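Undergrad: Following is a predicted model, sequence given first.
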Amino acid sequence: IIIAVFLCFVASLVMIVVPIVTNYISAYLTDTDEKDNNISVGYNTISIVEDFEPPTELVAGISFKKDVKVQNIGTVDCYIRVKAVFTNSDMEPYCTIDYNTSDWVYNDTDGYWYFVNPVAVNDISSSLFTMVTLDDDIDSTEIKDFDILIYAESYQSYGYDTYQTAWADYHKNKS
């Protein structure tokens with residue numbers, strides 16, 4: 001009987017100790033690690049950055065500051081285009097705008113100015129223009145109130161070598 005009790009005790013001890021030892025040995029011989037890889041689509045978002053000092057009075061020959069730039073506030077580099085639209089088309093022929101033709105290219109077909117280089121994340125384009133001047137020879141009776149509205153668009157630059165190929169692809173995918 002003593003031997004049977006002893007064997008039961010040993011068997012019980014083995015059944016308790018073996019799984020514990022096996023778990024410690026297994027834990028010592030193995031390792032695990034986990035990485036959470038979030039995958040998201042990049043997005044391009046822009047913001048018009050403008051320094052505008054409206055004139056107190058519109059008179060012939062007056063110049064006023066209107067510095068127009070575009071900032072990339074998205075998560076990917078992008079190409080940018082901008083359209084400047086007069087709210088009163090009668091005033092457009094009497095205004096001279098100092099467009100930056102070094103960094104921006106005008107397209108007669110669609111009326112947009114295209115920034116030739118991609119704008120990196122958090123960067124700002126160079127100025128499209130900085131000043132607007134009303135002609136000296138405009139008659140005061142022809143001067144009318146007007147605004148110059150700025151409209152900007154962006155297109156992700158990844159996969160495109162030039163602004164022309166990017167925007168051509170945009171037009172192809174849009175239709």
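TA: Nice, I can see it.
Undergrad: Please tell me the pLDDT value assigned to the residue nearest to residue 88 when sequence neighbours are not counted.
TA: Leaving aside its sequence neighbours, residue 88 sits nearest to residue 146 (Cβ to Cβ, 6 or more residues apart in numbering; 3.8 Å). For glycine as for every other residue, the C-beta is placed from the backbone atoms N, C-alpha and C. Residue 146 is assigned 94 on the pLDDT scale.
Undergrad: Do I have it right that residue 146 meets residue 91?
TA: Yes - contact criterion Cβ atoms under 8 Å: residue 146 and residue 91 qualify, at 4.2 Å.
Undergrad: Check the secondary structure at the residue nearest to residue 88 for me.
TA: Classification of residue 146 by DSSP: H, G, I helix; E, B strand; the rest coil places it in coil.
Undergrad: give the contact list for it.
TA: When contacts are counted by Cβ atoms under 8 Å, 6 or more residues apart in numbering, residue 146 touches 86, 87, 88, 90, 91, 92.
Undergrad: a markdown table for those residues, including secondary structure, neighbour count and distance to residue 121?
TA: Output for the contacts of residue 146, formatted as a markdown table (DSSP: H, G, I helix; E, B strand; the rest coil; neighbours: other Cβ atoms under 10 Å; distance: Cβ to Cβ, whole Å):
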| residue | secondary structure | neighbour count | distance to residue 121 |
| --- | --- | --- | --- |
| 86 | strand | 15 | 32 |
| 87 | coil | 12 | 33 |
| 88 | coil | 11 | 37 |
| 90 | coil | 11 | 41 |
| 91 | coil | 19 | 37 |
| 92 | helix | 14 | 35 |
